[in-house]
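Student: Just need the structure, nothing else, for what follows:
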Amino acid sequence: MRHSFRSLAFAALMLAYGDSASAAGTQASTSLPWRDARQMVLVLTDGWDATSGTLQRFEFRDGRWQSEASAAPITVGRNGSAWGDGLHPAQPQGPVKQEGDGRAPAGIFTLGEAFGYGSKAGTAMPYRPMHATSYCIDVPDSPLYNRIIDTREQGEAAAKGSTEPMRLDLHNNGDPRYRNGLVIGHNPNATPRGGSCIFAHLWRTPGEATAGCTAMASGTMDSLLAWLRPDARPVFVLLPRDEYARLAHDWRLPEATR
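Tutor: Got it, this is the predicted structure:
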């Protein structure tokens with residue numbers, strides 16, 4: 001009888017612990033800044049120094065993340081990736097993104113406006129056409145750091161020193177990379193030298209790494225733009241696979257394929 005009592009007590013304790021852990025997990029998931037996201041773009045690489053990886057699309061339906069398309073190849077920074085400044089909490093280990101380091105920011109980020117060379121694009125996302133006078137300011141000391149500007153409005157002096165003209169085709173012999181793209185919400189407070197002008201955009205040639213963005217084939221970009229909806233509060237996730245495995249449960253990330 002005494003043994004039975006101890007068994008019942010132990011079972012009750014485990015049940016209470018399970019309820020407590022479940023409640024804690026639920027509380028943690030509801031406190032995530034991206035808890036309302038219903039679309040997720042997931043980019044995975046094979047390590048901090050990897051320059052290529054895969055992109056997958058997921059939609060949250062029926063209480064879980066569901067894959068929307070097979071994985072597509074992408075490239076990231078020429079020196080790999082590093083923790084960026086986004087929606088995710090700060091992490092204790094790994095490289096940290098800095099201006100000019102050639103690394104793509106890792107973590108979870110908002111997706112901003114779409115942009116491109118044309119007057120419009122096939123997307124429900126807010127779209128901003130680029131002009132010969134459009135620049136993204138990558139000058140850390142500028143008050144316009146990490147912003148896309150038009151020198152017709154801010155003046156030519158505002159773009160002095162910037163290496164990011166947004167009409168690459170006009171400034172770089174027909175360069176197609178910014179023909180279609182999306183702003184990734186890295187360094188939203190424009191912390192100087194924290195990294196700037198981070199986009200998802202086209203690659204110039206298949207497999208070519210970037211200065212810190214995520215590049216892909218035009219077909220992948222077209223499908224991505226057509227799929228995204230601002231009302232779904234989409235987020236962009238980039239992680240090395242080891243970090244993904246470590247964080248997937250706590251960050252409520254989908255089950256990825258290789």
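Student: so where's the chain shaky on pLDDT?
Tutor: 1-30, 258 (pLDDT under 70).
Student: Please enumerate the helices of it.
Tutor: 2-30, 151-154, 168-171, 218-227, 241-247 (DSSP state H).
Student: count of neighbours near Gly112?
Tutor: 20 (other CB atoms under 10 Å). Bear in mind the C-beta positions are built from the backbone N, C-alpha and C, glycine included.
Student: repeat for Thr205
Tutor: For Thr205, the neighbour count with other CB under 10 Å is 8.
Student: Contacts only, for Pro105.
Tutor: By CB atoms under 8 Å, 6 or more residues apart in numbering, the residues touching Pro105 are 81-86, 97, 184, 186-187, 195, 198, 212, 238.
Student: Report the contact partners of the closest residue to it other than its chain neighbours.
Tutor: Among residues not flanking Pro105 along the chain, Gly84 sits closest, at 2.4 Å (CB to CB, 6 or more residues apart in numbering). Taking CB under 8 Å, 6+ apart, we find Gly84 in contact with Lys97, Ala104, Pro105, Ala106, Gly107, Phe109, His186, Asn187, Gly195, Ile198, Leu238.
Student: cool, Asp85 as well?
Tutor: Applying CB under 8 Å, 6+ apart to Asp85 gives the contacts Lys97, Pro105, Gly107, His186, Asn187, Pro188, Asn189, Thr191, Gly194, Gly195.
Student: Restrict the residues you listed to the buried ones and give me that as a ChimeraX selection.
Tutor: In ChimeraX, this line selects whichever of the contacts of Asp85 come out buried by 16 or more other CB atoms under 10 Å:
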select :97,105,107,186,187,194,195
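Student: and the contacts of Asp85 as CSV, adding distance to Gly118?
Tutor: Shown next, in CSV, are the contacts of Asp85 (distance: CB to CB, whole Å):
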residue, distance to Gly118
Lys97, 30
Pro105, 27
Gly107, 30
His186, 25
Asn187, 27
Pro188, 27
Asn189, 31
Thr191, 32
Gly194, 31
Gly195, 28
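Student: Just the ones of the contacts of Asp85 in strands?
Tutor: Under the assignment DSSP state E, the contacts of Asp85 contribute Pro105, Gly107 to strands.
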